[in-house]
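*Asks:* sequence unavailable; structure follows:
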């Protein structure tokens with residue numbers, strides 16, 4: 001008798017909980033896809049390329065000139081005087097230091113600007129996810145690593161559309 005009462009109580013509790021509980025609405029956003037396909041990400045990449053393209057070419061030009069001078073020194077070393085060889089070595093060393101300094105400055109500037117642009121894109125991404133979350137009444141939207149997921153819960157396209165609609 002005690003077992004029957006327990007089973008009835010558990011069944012009644014399960015029925016009440018099941019009736020009161022509504023299904024969870026869960027979504028997933030592929031952040032990498034958003035970063036590759038969204039208009040703000042592409043625009044940020046274009047801005048960075050435009051801003052740093054000429055400096056990249058200048059560094060490549062300096063590197064090529066340094067390589068040529070080094071090859072010329074190696075080729076001419078046998079016929080140069082000790083004094084001339086020393087002078088050219090010093091020049092190459094100075095050019096190499098200058099190239100390294102400029103490369104380091106370029107890298108620091110490029111990383112700083114890339115982080116700034118990423119923050120702007122991340123803010124727009126967060127707003128778009130929140131917009132989809134609230135508009136479609138999701139209970140949970142996951143980002144990044146969800147190794148097993150159904151295409152039915154993928155809201156990446158909706159987030160991309162929401163980002164595109166933002167001004």
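*Replies:* Received it, and whenever you're ready, just let me know what you need. Just so you know, these numbers come straight off a predicted model, no measurement behind them. Residues are numbered from 1 along each chain as shown.

*Asks:* helix/strand/coil for residue 141?
*Replies:* Here residue 141 is strand, with the state taken from DSSP: H, G, I helix; E, B strand; the rest coil.

*Asks:* what pairs with it across the strands?
*Replies:* Beta-bridge partners recorded for residue 141 (DSSP bridges): residue 27.

*Asks:* surely it touches residue 28?
*Replies:* Yes: contact criterion Cβ atoms under 8 Å: residue 141 and residue 28 qualify, at 7.0 Å. For the C-beta atoms, the positions are set from N, CA and C on the backbone; glycine is no exception.

*Asks:* could you pick out the longest helix of the protein?
*Replies:* helix 82-135 (DSSP state H).

*Asks:* mind checking how far the residue nearest to residue 159 when sequence neighbours are not counted is from residue 113?
*Replies:* Leaving aside its sequence neighbours, residue 159 sits nearest to residue 128 (Cβ to Cβ, 6 or more residues apart in numbering; 4.8 Å). According to Cβ to Cβ, to the nearest Å, residue 128 stands 23 Å off from residue 113.

*Asks:* pretty sure residue 121 contacts residue 44?
*Replies:* Yes: assessed by Cβ under 8 Å, residue 121 is found in contact with residue 44 at 5.7 Å.

*Asks:* mind checking pLDDT for residue 28?
*Replies:* pLDDT for residue 28: 88.

*Asks:* and what of residue 146?
*Replies:* 63.

*Asks:* next one: residue 19
*Replies:* pLDDT for residue 19: 47.

*Asks:* the nearest residue to residue 131 once chain neighbours are set aside and residue 132: what is the separation?
*Replies:* Distances taken as Cβ to Cβ, 6+ apart place residue 162 nearest to residue 131, at 4.9 Å, with adjacent residues excluded. Applying Cβ to Cβ, the value for residue 162 to residue 132 is 6 Å.
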